[in-house]
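In: any chance you can model this:
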Amino acid sequence: MNELRPVVLVTRACSDAGVRIVEALRRHGGFAVRVMVPHDHGAPARFAATPDVEIVRGDSNDFESLRQAMAGCWGVVGCAPAALPPVLALLDAVADAGVGRVALILEGANEHSGSELAGEAAEYALSLGVRIDVVTRGVEGDAAEPEVVAGVFAR
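Out: The predicted structure follows:
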């Protein structure tokens, strides 16, 4: 992996949104990509066969696993279920690791629950001094959306 490029971690990288986000970041080319997959999940062939993707194993709902996976990362794309506890664990780990950029993808959120959770996440992130961009729609249904998420890191 080219250490001169900023490292971006994608959590829950085996989810549909995670896979598409990884592909978008790789197409962008400006980042070294690290993916977090569960301990009990075989690394997807698309990641294992790709020399520019680093695979780390851990629990994306666990603060310590997240913190370790974020070591040395410039950015994080947190693909998180639409529930508050995993989002808070992710944001706590981001703050602890000193990550500079965060895109939060709320998977499975509908318009109402996504908006409410996005507001709570943004408020909590602000209290930690963490800057986040929250994406609550389009990731599962719009193939172009991962390019928008990759663009968060380009600005």
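
In: tell me which stretches of the protein form helices.
Out: Assigned by DSSP state H, the helices in the chain fall at 16-28, 45-48, 63-70, 84-97, 111-128, 145-152.

In: give me the pLDDT value at His41.
Out: pLDDT for His41: 65.

In: again but with Val35, I slipped
Out: As predicted, Val35 sits at a pLDDT of 93.

In: likewise the one 10 residues further on?
Out: Ala45 is assigned a predicted lDDT (pLDDT) of 62.

In: likewise for Leu106?
Out: On the pLDDT scale, Leu106 gets 83.

In: remind me which residues of this structure are low pLDDT?
Out: Applying pLDDT under 70 to the chain picks out residues 1-3, 41-46, 48-49, 109-113, 136-155.

In: and stretch 68-80, what's buried?
Out: Applying a neighbour-count criterion of 16 or more other CB atoms under 10 Å, the buried positions in stretch 68-80 are Ala69, Met70, Cys73, Trp74, Gly75, Val76, Val77, Gly78, Cys79, Ala80. (C-beta placed from N, C-alpha, C; glycine too.)
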